[in-house]
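A.B. asks: below: sequence and its predicted model.
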Amino acid sequence: MSIDRVVLAFAGSLVLVSVGLSLVHSVHWLWLTAFVGANLLQSAFTGFCPLAVILKRMGVQPGQAFR
């Protein structure tokens with residue numbers, strides 16, 4: 001699995017978990033959803049993603065978006 005797919009899977013998982021936690025525990029978990037969305041938006045324009053940097057150091061195969 002490439003870095004691109006791992007980043008998208010991780011972001012999607014965090015969004016689903018935070019929405020679920022906001023339904024069960026507190027609406028404040030939606031701040032995590034907002035953070036993930038903002039990070040995805042800025043990475044679309046800058047090409048920088050902190051998770052991609054970590055995954056690259058771990059030796060995950062690079063994809064097309066994050067090199």
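C.D. replies: Arrived safely.
A.B. asks: centroid residue for this protein?
C.D. replies: residue 11 (3.1 Å; Cα atoms, centre = their mean).
A.B. asks: do you know the pLDDT at it?
C.D. replies: Listed pLDDT for residue 11 reads 95.
A.B. asks: give me the nearest residue to it, chain neighbours excluded.
C.D. replies: residue 36 (5.3 Å; Cβ to Cβ, 6 or more residues apart in numbering). From N, CA and C alone the C-beta is placed, and that goes for glycine too.
A.B. asks: send the alpha carbons of the helix or strand containing the residue nearest to the centre of the chain over as CSV?
C.D. replies: Taking DSSP states H and E as the criterion, residue 11 maps to helix 3-24. Provided in CSV are the C-alpha atoms of helix 3-24 (Å, rounded to 0.1, in the frame of the first residue of the first chain):
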residue,chain,number,x,y,z
ILE,A,3,1.7,6.5,1.3
ASP,A,4,-1.2,8.1,-0.5
ARG,A,5,-3.6,5.3,0.3
VAL,A,6,-2.5,5.0,3.9
VAL,A,7,-3.0,8.8,4.4
LEU,A,8,-6.5,8.6,2.9
ALA,A,9,-7.4,5.5,4.9
PHE,A,10,-6.1,7.1,8.1
ALA,A,11,-7.9,10.4,7.5
GLY,A,12,-11.2,8.6,6.7
SER,A,13,-10.9,6.4,9.7
LEU,A,14,-10.3,9.4,12.0
VAL,A,15,-13.4,11.2,10.5
LEU,A,16,-15.6,8.2,11.1
VAL,A,17,-14.3,7.6,14.6
SER,A,18,-14.7,11.2,15.6
VAL,A,19,-18.3,11.3,14.2
GLY,A,20,-19.1,8.2,16.2
LEU,A,21,-17.5,9.6,19.3
SER,A,22,-19.5,12.8,18.9
LEU,A,23,-22.7,10.8,18.8
VAL,A,24,-21.8,8.7,21.9
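A.B. asks: now the very next helix or strand once past that helix, how far from the chain's geometric center?
C.D. replies: Downstream of helix 3-24, the next assigned helix or strand under DSSP H and E is helix 30-46. In terms of Cα atoms, centre = their mean, to the nearest Å, the centre of helix 30-46 is found 8 Å from the chain centre.
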